[in-house]
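Asker: fold the following, please.
(2 chains)
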Amino acid sequence: GAGVSQSPSNKVTEKGKDVELRCDPISGHTALYWYRQSLGQGLEFLIYFQGNSAPDKSGLPSDRFSAERTGGSVSTLTIQRTQQEDSAVYLCASSLAGLEAFFGQGTRLTVV
Amino acid sequence: DQQVKQNSPSLSVQEGRISILNCDYTNSMFDYFLWYKKYPAEGPTFLISISSIKDKNEDGRFTVFLNKSAKHLSLHIVPSQPGDSAVYFCAASAHAGNMLTFGGGTRLMVKP
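Answerer: Next comes the predicted model:
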């Protein structure tokens, strides 16, 4: 597709379950970001992948969060043992290095 | 430590008047700045950018001003329209290839 694609668009999960969120970046974009936006809050940086470099994981809020990017393309954000405070919109973006990032529509995660 | 700050969480403007959104940064290595607009239930969309070699960039109703000595940038929208009502995020990066750091956002409300 032409844009950044995220799936699922909505996810409701029970507290304690693991979830996987997927991001398909724009083809050829070397940089990939994950952010989240909790209700009424700004964009919270989670993790950044750039080419083959080690990812910048400094924004991950706890060790329950992990992300990988396979083959320099698709990325998966995994949240283990979800908690209610994990409820947020998770946004993925991709860019050519350092230039404007293009965002997907986000995955709305609700932990009940 | 917030490297990019938007100190006004919200702004209300009358239709037809000028909207001025402000952003401050602390990292003197930042040399590329962007503004994004976000509607509810959508991902942020790129609006306008400016490189540190310039102090102004204009695109239609949108103008971004950069004051490097003050580490301050602003987005001017004139004339403001009700459809401009959204959350606006500023972002910055240090050199091509580095990640984007976002501010917390300002909610703009343009009243008819």
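Asker: name the SS class of the most centrally placed residue in chain A, please.
Answerer: Centroid check for chain A by Cα atoms, centre = their mean gives residue A:34 as the closest residue, at 3.5 Å. With DSSP: H, G, I helix; E, B strand; the rest coil as the basis, residue A:34 sits in strand.
Asker: any stretches of chain B with poor pLDDT?
Answerer: Flagging of chain B using pLDDT under 70 yields the residue ranges B:1, B:96-98.
Asker: just chain A next, same as before
Answerer: For chain A, the stretches with pLDDT under 70 are A:1, A:97-98.
Asker: kindly recompute the last result at 90.
Answerer: Counting by pLDDT under 90, chain A contains low-confidence ranges at A:1-2, A:30, A:38-45, A:50-54, A:70-72, A:95-101.
Asker: and it, which residues reach chain B?
Answerer: Counting by Cβ under 8 Å from any Cβ of the partner chain, the positions of chain A adjacent to chain B are A:4, A:31, A:33, A:35, A:41-43, A:45, A:48, A:50, A:56, A:91, A:93, A:95, A:97-106. C-betas here are computed from N, CA, C, even on glycine.
Asker: keep only those of those that are in helices.
Answerer: Assignment to helices by DSSP state H places none of the residues of chain A next to chain B there.
Asker: please name the residues that touch residue B:102.
Answerer: Residue B:102 sits next to A:35, A:42, A:43, A:45, B:4, B:36, B:89, B:90, B:91 when contact means Cβ atoms under 8 Å, 6 or more residues apart in numbering or on different chains.
Asker: could you do residue A:48 as well?
Answerer: Residues in contact with residue A:48, defined by Cβ under 8 Å, 6+ apart, are A:31, A:32, A:33, A:34, A:55, A:56, A:59, B:99.
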